[in-house]
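J.: curious how this folds, go ahead:
(one chain, ligands or ions: 1)
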Amino acid sequence: MIYITIDGPAGSGKSSVSRELAKKLGFKHLDTGALYRAATFLWIKSRKELASQEFLKMVKSANFYLSGDSTLYMNGKPLGEEIRTVKVGKVVSKVAEVPEIREIITQKAREIANGKRIVVEGRDIGTVVLPSACVKIFLTASVDERAHRRYEDYKSRGVSVRFEEVVKEIELRDKIDSTREVAPLKPAKDAIIFSTDGFTFEEVVSKLYSLIVEKMKQC
Ligand code: DC
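T.: Reported below is the predicted structural model:
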C-alpha cells in the first residue's frame, strides 16, 4: 500500500488536483470531505439531534465503499449532487466539528484506504487520519484565488451568488476549520507546502506529480 495525502483549505483546488494526480499515478482517490458531506446529508434527512446516539449510530452503520473508478458509494448508492447542495455546504462544518463524528469518519477513511495505493484528500489526513503516509502535501492559495475558483464553480452549476458572498464563505470556513479543537486544518510537520497562486491547473499537477514520484522513491 502507498498513501499520498493532500490537505488544504476550501477552494484550494484540492479535489481536481487530487483526482488528476491519482489518475496519472494509477492510484485510487478518496475525498474525505465527501464522507463529512454524506454524514451531513444523513443528518438533515434524519432530523435527529447532531450528537445524539441515534444519529451517531446511523453514521457508524453507514457502509462506504470505493468502486474501481474511485466513485464513493454509501449504502449501495453512488454519492452525487445530493451532497454538494448549498444546504449541505452551509452546515457541513458544524457536523465536522463534532468529535464523535470525526472519530467515526476517520475510522471509515482508514478502512477505505487500507491496503491500497491511494491519494486521500481532506483537512487532517497527513496529521490525524494517515500520519504514516509516504507523501504529504498541503495545498494552499490566497483567499482571492480560492474565492474566484469557488465562484466559477457555483456559476457553472447554475447557483446564483455574489463574489463578495463567496469571499465571506471562504473566510468563515477557514476560521471554523482552522480553529476547531479536534483535528484543526494545519500542515503536518513533514508535509510539502505548495501554493497554487499564479500557476495553471496543468502546472500544479505536473509539479506535484514530479515531487511525488521523487518522494515515493524514499518510502
Ligand atoms: O472539502 P469539502 O468542502 O467538501 O469539505 C466539507 C467539510 O468537511 C468542510 O467543512 C471541512 C470538513 N472536512 C474536515 O473537517 N476534515 C476532512 N478530512 C475533510 C473535510
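
J.: all contacts plus neighbour counts: C-alpha atoms, from now on.
T.: Will do.

J.: what comes into contact with stretch 29-46?
T.: If you take CA atoms under 8 Å, 6 or more residues apart in numbering as the criterion, stretch 29-46 is touched by 15, 18-19, 22, 50, 55, 58-59, 66, 70, 72, 74, 79, 82-84, 88-89, 91-92, 95-96, 105, 109, 113, 118-122.

J.: let me fix that, I meant to ask about stretch 138-155.
T.: With contact meaning CA under 8 Å, 6+ apart, stretch 138-155 is reached by 6-14, 160-163, 166-167, 170-171, 187-188, 191-197.

J.: do the same with stretch 81-96
T.: Contacts of stretch 81-96 (CA under 8 Å, 6+ apart): 34, 36-41, 50, 101-102, 173, 176-177.

J.: returning to what we had before: filter the contacts of stretch 138-155 by proximity to the ligand?
T.: When contact is defined as CA under 6 Å from any ligand atom, these meet the ligand at Ala10.

J.: in helices only, show me the contacts of stretch 138-155.
T.: For the contacts of stretch 138-155, the ones inside helices are Lys14, Phe163, Val166, Val167, Ile170, Glu171, with DSSP state H as the criterion.

J.: and those, which is closest to the ligand?
T.: Lys14 (7.9 Å; CA to the nearest ligand atom).

J.: tell me how many other residues surround the closest one.
T.: Counted by other CA atoms under 10 Å, the residues lying close to Lys14 total 21.

J.: distance of it relative to Leu30?
T.: For Lys14, the distance to Leu30 equals 11 Å [CA to CA, to the nearest Å].

J.: where do the contact lists of the two overlap?
T.: In contact with both Lys14 and Leu30: Glu121, using CA under 8 Å, 6+ apart.

J.: returning to what we had before: let's see which of the contacts of stretch 29-46 end up in strands.
T.: Residues of the contacts of stretch 29-46 located in strands (DSSP state E): Leu66, Leu72, Met74, Ile118, Val119, Val120, Glu121, Gly122.

J.: tally up the residues packed near the first one, please.
T.: Look at Leu66: counted by other CA under 10 Å, it has 16 neighbours.

J.: contacts only, for the closest residue to it other than its chain neighbours.
T.: In this structure, Leu66 finds its nearest non-sequential neighbour in Leu72, 4.7 Å apart by CA to CA, 6 or more residues apart in numbering. Neighbour list for Leu72: Leu30, Phe64, Tyr65, Leu66, Pro78, Leu79 [criterion: CA under 8 Å, 6+ apart].

J.: wait, doesn't Ala22 sit right on Ile118?
T.: Yes: Ala22 lies in contact with Ile118 (CA atoms under 8 Å); the separation is 7.1 Å.

J.: joint contacts of these two?
T.: Residues touching both Ala22 and Ile118 (CA under 8 Å, 6+ apart): Lys28, His29.
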